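> I would like the atomic coordinates for the input below:
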Amino acid sequence: IIETVKKHIKKYRIKQNEWIEGRGWNENNFINKTIPNRYDLDKISNTNPIVLIRTCGQVCVCNTKALQYLNLNDFEGIKIDRDNIELDKNGVPTGIIKGNAMKLVFEKIRKLGKERIKKLIVKASQECLKFGVTSVDTDDFELIRAGDFNDILDAYFELDYEKKLPIRINKMLYLPSKDLLESFIKLGYKTGYGSDFFKIGAFKLQTDGSLGAKTAALCEPYIGDNNNKGITLMSQQKINELVEIAHNNGLQVVMDAIGDRAMKMAILAYKKIYEKNENNNDLRFGIDHCQITTKEIIAEFKKYNIIAGSDIPVEPVNPMLGIYSAVTRQQINGVPKGGWIPEQKLTVYEAVYAYTMGTAYSCFEEDIRGSITEGKYADLVILSDNIFKISPEKIKDVFVEATIINGKLVYGEI
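Got it, this is the predicted structure:
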């Protein structure tokens, strides 16, 4: 981390006092599996405020200069959940900040602005094309770093009008307060509004943290941490209220939930809507991540037709890795032999279906995309190998030779 950021400063000639930000570290990949702190980042620079976000997006670490901007040394003056700002034994911030408290950091950084947002949307979309991803649901509203949600929305509408969107995008709406949600609703948009390349997608909420940060909300304590069951980011009452407002105003709903306690909260909110909509149960509510489940939770997914989702950039964008994992239930290095809980392996067909027709169904778009069928979008990929015939262990090595959108070659060659 230290060497990487030093190279970044030199390469881009970062000026003193200019913020440096990054994302992607994971202490589980270190030889010494500890979370970096302010003193580690101080070895990079004492003149630049630095914030580096963990791969999960639920933890960040700041150097001393950044903490000075936040005035966190005067911790008693910060009216925020103390559990989210880590202190050492002397009560001094270590630089490790979690959950909702991270907004204190990003409120201090200059916003991207609409034009830079547009450039980054195009850049990220082009990266997706390399891996044969022709459509995504994206919740950029979560990125308070980017700016007001109107800036993000305007950026997408302008790119769509200019016909500069490389892939098809459904805009998920991360609006975690009643005021934000109602201000969006006043604009008059509903899920499905838009063009072939840009549409308003589902309303999005986050319910808990992440497993890696030990903030995912669990029913039982973490092993070796008996006082920790993770955190919930909002109350059941608030979740219920926001889900109902969104649903009543024509918005599909998706929630992030990693721990079983968080999933139960999400499902409870969905059940309340289903009970009021006995004549329309095709609501296709979703839960992203859903890592720690129980048989009871899985049964309720089926009963209420709740769709389980995965996302990036917590995981790589490459679908071949997801398909490999679903089929082999092994890590990239082939561990464990035979697969983890092997009875839960999917067939290659089932895994591919999940990435194609499954995603289309989740967006109420199974009639226009998701399969190579007459009348649907001509969105296709050509792979380097036939994943239905090769050994499942080799699927992770398959790459995209060409990506076609709307019948046009947009990546690679044929």
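
> which residues sit in contact with residue 143?
Shown in contact with residue 143 (C-beta atoms under 8 Å, 6 or more residues apart in numbering): residue 152. The C-beta positions use only the backbone N, C-alpha and C, and glycine is treated the same way.

> quick one: it from residue 34, how far?
27 Å (C-beta to C-beta, to the nearest Å).

> Low-confidence ranges, the protein, go.
Within the chain, the ranges that satisfy pLDDT under 70 run 72-83, 144.

> Which parts of the stretch 251-400 of the chain are strands?
Along the stretch 251-400 of the chain, the stretches classed as strands by DSSP state E, counting those that start in this stretch are 253-257, 286-289, 307-309, 380-383, 400-405.

> Check which helices and strands the second one is in contact with.
Contact partners of strand 286-289 among helices and strands, from 3 or more C-beta pairs under 8 Å, 6 or more residues apart in numbering; DSSP states H and E: strand 253-257, helix 260-276, strand 307-309.

> Direction included, what does it pair against?
Here strand 286-289 is paired, per DSSP bridges, with strand 253-257 (parallel), strand 307-309 (parallel).

> Can I get that strand in CSV, CA atoms only?
Extracted in CSV, the C-alpha atoms of strand 286-289 (Å, rounded to 0.1, in the frame of the first residue of the first chain):
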residue,chain,number,x,y,z
GLY,A,286,-34.0,-8.2,-4.3
ILE,A,287,-31.3,-8.7,-1.7
ASP,A,288,-27.7,-8.2,-2.8
HIS,A,289,-24.8,-10.3,-1.2
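
> which other residues reach it?
Contacts of strand 286-289 (C-beta under 8 Å, 6+ apart): 202, 252-258, 263, 266-267, 301, 306-311, 362.

> what's the answer for the first one, then?
By C-beta under 8 Å, 6+ apart, the surrounding residues in contact with strand 253-257 are 137, 172, 202-208, 217, 239, 243, 246-247, 263, 265-266, 269-270, 273, 283, 285-290, 309.

> out of the strands paired with strand 286-289, deepest packed?
Mean neighbour count (mean count of other C-beta atoms under 10 Å) peaks for strand 253-257 among the strands paired with strand 286-289, with a mean of 27.

> Direction-wise, compare that strand with helix 260-276 and give the angle.
160 degrees (axes from the mean of the first three to the mean of the last three C-alpha atoms, to 10 degrees).

> how far is strand 253-257 from where the chain is centred?
Offset of strand 253-257 from its chain centre (C-alpha atoms, centre = their mean, to the nearest Å): 10 Å.

> Convert the strand of greatest length in the chain to CSV, retaining C-alpha atoms only.
Longest strand in the chain by number of residues (criterion: DSSP state E): strand 198-206. Only the C-alpha atoms of strand 198-206 are listed here, as CSV (Å, rounded to 0.1, in the frame of the first residue of the first chain):
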residue,chain,number,x,y,z
PHE,A,198,-30.5,4.1,-19.7
LYS,A,199,-33.4,3.4,-17.4
ILE,A,200,-34.4,4.2,-13.8
GLY,A,201,-33.9,1.0,-11.8
ALA,A,202,-34.6,-0.1,-8.3
PHE,A,203,-34.6,1.9,-5.1
LYS,A,204,-31.6,0.7,-3.0
LEU,A,205,-30.9,0.5,0.7
GLN,A,206,-28.0,-0.8,2.7
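
> Show residues contacting the helix or strand following that strand.
Using DSSP states H and E, the next helix or strand after strand 198-206 towards the C-terminus is helix 236-248. Helix 236-248 is touched from outside by 175-176, 178, 181-182, 185, 203, 205, 207, 253, 255, 265-266, 268-270, 272-273, 283, with contacts defined as C-beta under 8 Å, 6+ apart.

> Can you give me the buried ones in helix 236-248?
Within helix 236-248, the residues that count as buried by 16 or more other C-beta atoms under 10 Å are 238, 239, 240, 242, 243, 245, 246, 247.

> and it with strand 198-206, angle?
Angle of helix 236-248 versus strand 198-206, following the same axes, to 10 degrees, is 170 degrees.

> Now find how far off-centre stretch 213-223 is within its chain.
19 Å.

> In PDB, list the C-alpha atoms belonging to it.
Extracted as PDB, the C-alpha positions of stretch 213-223 are listed here (Å, rounded to 0.1, in the frame of the first residue of the first chain):
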ATOM      1  CA  ALA A 213     -14.900  -5.700   8.500                       C
ATOM      2  CA  LYS A 214     -16.900  -7.800  11.000                       C
ATOM      3  CA  THR A 215     -19.700  -5.300  10.600                       C
ATOM      4  CA  ALA A 216     -22.200  -7.600   8.800                       C
ATOM      5  CA  ALA A 217     -25.200  -8.000  11.200                       C
ATOM      6  CA  LEU A 218     -25.400 -11.500  12.500                       C
ATOM      7  CA  CYS A 219     -27.800 -13.300  14.800                       C
ATOM      8  CA  GLU A 220     -24.900 -14.900  16.700                       C
ATOM      9  CA  PRO A 221     -21.500 -13.300  17.600                       C
ATOM     10  CA  TYR A 222     -18.400 -13.600  15.400                       C
ATOM     11  CA  ILE A 223     -16.100 -16.400  16.400                       C
END
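
> Now that stretch: buried residues?
Applying 16+ other C-beta under 10 Å to stretch 213-223 flags 213, 214, 215, 216, 217, 218, 222 as buried.

> Between which two of these is the distance greatest?
213 and 218 (12.6 Å; C-beta to C-beta).

> can you count the residues close to the nearest residue to residue 141 once chain neighbours are set aside?
Spatial nearest neighbour of residue 141, chain neighbours left out: residue 174 (3.9 Å); criterion: C-beta to C-beta, 6 or more residues apart in numbering. Residue 174 sits with 21 neighbouring residues when counted by other C-beta atoms under 10 Å.

> Ok, residue 339 next?
Neighbourhood size, residue 339 [other C-beta under 10 Å]: 17.

> just the one 3 residues further on next, same as before
If you count neighbours by other C-beta under 10 Å, residue 342 ends up with 12.

> State the distance from the nearest residue to it once chain neighbours are set aside to residue 340.
With sequence-adjacent residues excluded and distances taken as C-beta to C-beta, 6+ apart, residue 342 is closest to residue 329, at 6.1 Å. Distance of residue 329 to residue 340, given as C-beta to C-beta: 5 Å.

> out of these two, which sits in the more crowded spot?
residue 329 (18 against 14).

> Bridging across strands, which residues link to the closest residue to residue 206 other than its chain neighbours?
Nearest residue to residue 206, sequence neighbours excluded (C-beta to C-beta, 6+ apart): residue 256, at 4.4 Å. Beta-bridge pairing for residue 256 (DSSP bridges): residue 206, residue 288.

> That'll do, ta.
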